[in-house]
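> here are the coordinates; sequence isn't available:
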């Protein structure tokens, strides 16, 4: 291979890296202000025949009960970390090393980066890109914006995405009207929204939502949810 060919390949690689970096920064910057209308997961589920029901609403039109419940269920340190909960990651690694059920230790910020910008399949490559996007949104977005995108892009049932669609589907009401009990039910099914039900729930979801509701009370008493409240 000649010197000119090597130089040409190297130049192409540099251009690809620079272009990818510019695209990622631009896409995150744009969605600091604009809604995320569709995600890779939504497209995949639609291809699987699960439908598409998604209505974007501003964070101010989502009940504080749901904001607090997802913090209690998913990421108690959301308001204080910079995208990663190292304690949770270390616990997950120890759990996995002992052969127990795999735990991801993902924060709300990491889940938002994955939901909004990346494909759903697990791999080391995707986790690496996810970490990069997590740093980007933590740098360019506020905590309120991260929560807003998270609650508007999360999967909550077959073809059900976002808090508004989930509230209407499971409880027949707006996301702004969710009670503490209803919010804890929605937070409880986040890990497996195609298997569990927020309404007419089974025993496991009822127990899980009860714990989340109790933890939500603790979150409010300790004031660790203030970064997402008006």
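Thanks, I have it. Since the structure is predicted, the reported quantities are computational estimates derived from the model, not experimental observations.
> if I look at residue 43, how far off is residue 217?
38 Å (CB to CB, to the nearest Å). C-beta here means a position set from N, CA and C on the backbone, and glycine is covered the same way.
> now swap in residue 18 and tell me
49 Å.
> can you check residue 107 too?
Residue 107 is 21 Å from residue 217, by CB to CB.
> and if you look at residue 106?
When residue 106 is compared with residue 217 (using CB to CB), they lie 24 Å apart.
> next: residue 61.
For residue 61, the distance to residue 217 equals 23 Å [CB to CB].
> check residue 135 too.
Residue 135 is 32 Å from residue 217, by CB to CB.
> between the two, which is the more surrounded one?
Neighbour count, other CB atoms under 10 Å: between residue 135 and residue 217, residue 135 has more, with 16 against 13.
> got the contact list for the more buried one?
residue 83 (CB atoms under 8 Å, 6 or more residues apart in numbering).
> now swap in residue 64 and tell me
Contact partners of residue 64, counting by CB under 8 Å, 6+ apart, are residue 229.
> try 10 Å this time
Residues counted as contacts of residue 64 (CB atoms under 10 Å, 6 or more residues apart in numbering) are 176, 178, 180, 183, 220, 225, 228-230.
> any idea how far stretch 75-91 is from the middle of the chain?
14 Å (CA atoms, centre = their mean, to the nearest Å).
> ditto for stretch 198-215
Worked out by CA atoms, centre = their mean, stretch 198-215 lies 20 Å from the chain centre.
> following the helix or strand of the chain with the lowest mean pLDDT, which helix or strand comes up?
Comparing helices and strands within the chain by mean pLDDT, DSSP states H and E singles out helix 86-97 as the least confident, with a mean of 69. Per DSSP states H and E, the first helix or strand lying C-terminal to helix 86-97 is helix 108-117.
> what's the pLDDT at the residue nearest to residue 27 when sequence neighbours are not counted?
Nearest residue to residue 27 in three dimensions, chain neighbours excluded: residue 117, at 6.7 Å (CB to CB, 6 or more residues apart in numbering). Among the per-residue scores, residue 117 shows a pLDDT of 95.
> do the same with the one 3 residues further on
Per-residue confidence at residue 120 stands at 84 (pLDDT).
> count of neighbours near the residue nearest to it when sequence neighbours are not counted?
Sequence neighbours aside, residue 41 is the residue nearest to residue 120 in space, at 4.7 Å (criterion: CB to CB, 6+ apart). Neighbour count for residue 41, taken as other CB under 10 Å: 18.
> which residues touch residue 41?
Contacts of residue 41 by CB under 10 Å, 6+ apart are 114-115, 118-121, 153-155, 161.
> show me which of those are buried.
Buried by 16 or more other CB atoms under 10 Å: 114-115, 118, 153-155, 161, out of those.
> with distance to residue 37 as added columns, please give these in CSV.
Formatted as CSV, the buried ones among the contacts of residue 41 follow (distance: CB to CB, whole Å):
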residue, distance to residue 37
114, 17
115, 13
118, 16
153, 10
154, 15
155, 15
161, 10
